[in-house]
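A.B. asks: sequence first, predicted coordinates after that:
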Amino acid sequence: MSIITLYHNPACGTSRNVLDLIRNSGAEPAIIEYLNTPPDRTTLESLIAAMGIPVRALLRESGTPYAELGLHDPGWSDEQLVSFMLEHPILINRPIVVTPLGTRLCRPSEQVLDILPNPSKGACNKEEATVGGHR
C-alpha cells in the first residue's frame, strides 16, 4: 500500500510533473484520477482542512464552468462552493498530494518536494507549462 496519494489529472502538465517528482523520489503513489473518481464531500472537506487553505483557493477557473456558474461572487458559502466542486470535479484545482508529511495543492509542481519522505533520487525533467496549464 502506498503512503502517498496523488489526486491526478493526466491531461495536466503540472500534475504529470508532480507524478514524475514522486516517482523520482522512489515512491509509487496511489493515483486517483479525480475527474473519473471524484472525492465525496467528507474527503474533499478533509483535504481542504489538511491543506489549511480557504475553499476558494482550491477552485480552478481556467477551462471550467467557474464563470458561467458565477463563482466569482463572494456570496457563495464554503459549503456551496464544495457542492459545486462535487457536481463539477473539473473545478477542483490539482494536483493534490497526500503524504505522511502533509497534504498540499502542488502548484507549482516543486511544492511536492516539501512533503515527500525522500524528495530526490536523481535528475527529473520538468514539462514546460503551456497556456491554460495543459499540454
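C.D. replies: Yep, it's here.
A.B. asks: okay, CA-based contacts and neighbour counts for the rest of this
C.D. replies: Will do.
A.B. asks: name the residues linked to residue 99 by a beta bridge.
C.D. replies: residue 102 (DSSP bridges).
A.B. asks: tell me the contacts of it?
C.D. replies: The contact partners of residue 99, by C-alpha atoms under 8 Å, 6 or more residues apart in numbering, come to 3-5, 115-117.
A.B. asks: which of the residues you listed count as buried?
C.D. replies: When the contacts of residue 99 are checked for burial by 16 or more other C-alpha atoms under 10 Å, the buried set is 4-5, 115-117.
A.B. asks: now tabulate those residues in JSON lines and tack on pLDDT, secondary structure and distance to residue 82.
C.D. replies: Below are the buried ones among the contacts of residue 99 laid out as JSON lines (pLDDT from 0 to 100; DSSP: H, G, I helix; E, B strand; the rest coil; distance: C-alpha to C-alpha, whole Å):
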{"residue": "4", "pLDDT": "97", "secondary structure": "coil", "distance to residue 82": "24"}
{"residue": "5", "pLDDT": "98", "secondary structure": "strand", "distance to residue 82": "20"}
{"residue": "115", "pLDDT": "97", "secondary structure": "helix", "distance to residue 82": "25"}
{"residue": "116", "pLDDT": "96", "secondary structure": "coil", "distance to residue 82": "27"}
{"residue": "117", "pLDDT": "91", "secondary structure": "coil", "distance to residue 82": "30"}
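A.B. asks: ok, of those, which one's closest to residue 69?
C.D. replies: residue 5 (29.8 Å; C-alpha to C-alpha).
A.B. asks: so how far is residue 79 from the closest residue in space to residue 72 that isn't next to it in sequence?
C.D. replies: Of all residues not flanking residue 72 in the chain, residue 66 sits nearest, at 7.5 Å (C-alpha to C-alpha, 6 or more residues apart in numbering). Residue 66 is 16 Å from residue 79, where distance means C-alpha to C-alpha, to the nearest Å.
A.B. asks: I'm done for today, thanks for sticking with me.
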